[in-house]
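Engineer: Sequence and computational prediction follow.
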Amino acid sequence: MIPDWQMMIHPLELCGVLALAGSCLLYVFVLHMKMRTLARIGRQQREELEGRVAQITEAAERLRLQLAEMERPAIPAQPLNLTKRGQILRMRRRGERPETIAGALAIPRNEVDLLIKVHDLALEHVEKGAMPALARK
């Protein structure tokens, strides 16, 4: 005895319904895979964008610090004190070069050069003044 409802369903109809259901499941699976791929790409792009934003933020901070430093009023250079002058002249007498003197005393090289030139000129002036006095004797 075969129930009536089994007689009503033809095997081809059953295969068609199963094929349609399988196609729908396959379509849903493909959509799921595409959504996962899009989510992964979105995550990668977000991470890349966050990295770029962090770099831009660091660059902006550096620029802000540079601008603040540039806006700070310049402190006039302190005059060279007598102790430093003495150290420069002693080092020069020992034969040190101006670059070495400037590095050792942490002062600009042009100040060292200027002090040495002024000292040399003063010595020349003293020697010229002493020569006529010696010639008179």
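Structural biologist: Good, I have the coordinates. Numbers count the residues shown, from 1 in each chain.

Engineer: where's residue 64 relative to residue 57, distance?
Structural biologist: Going from residue 64 to residue 57 by CB to CB, to the nearest Å gives 10 Å. Just so you know, the C-beta spots here come from the backbone N, C-alpha and C atoms, and that holds for glycine as well.

Engineer: again with residue 42
Structural biologist: 22 Å.

Engineer: same question, residue 9
Structural biologist: 67 Å.

Engineer: What's the mean pLDDT across stretch 20-39?
Structural biologist: The average pLDDT for stretch 20-39 rounds to 97.

Engineer: One more: stretch 82-95?
Structural biologist: Computed over stretch 82-95, the mean pLDDT rounds to 88.

Engineer: and it, C-alpha only, in CSV?
Structural biologist: Only the C-alpha atoms of stretch 82-95 are listed here, as CSV (Å, rounded to 0.1, in the frame of the first residue of the first chain):
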residue,chain,number,x,y,z
LEU,A,82,86.8,86.0,31.0
THR,A,83,87.2,82.4,32.0
LYS,A,84,86.3,81.1,28.5
ARG,A,85,88.5,83.7,26.9
GLY,A,86,91.4,82.5,29.0
GLN,A,87,90.7,78.9,28.2
ILE,A,88,90.6,79.7,24.5
LEU,A,89,93.9,81.6,24.5
ARG,A,90,95.6,78.8,26.6
MET,A,91,94.4,76.1,24.2
ARG,A,92,95.5,78.2,21.3
ARG,A,93,99.0,78.6,22.8
ARG,A,94,99.2,74.8,23.2
GLY,A,95,98.6,74.5,19.4
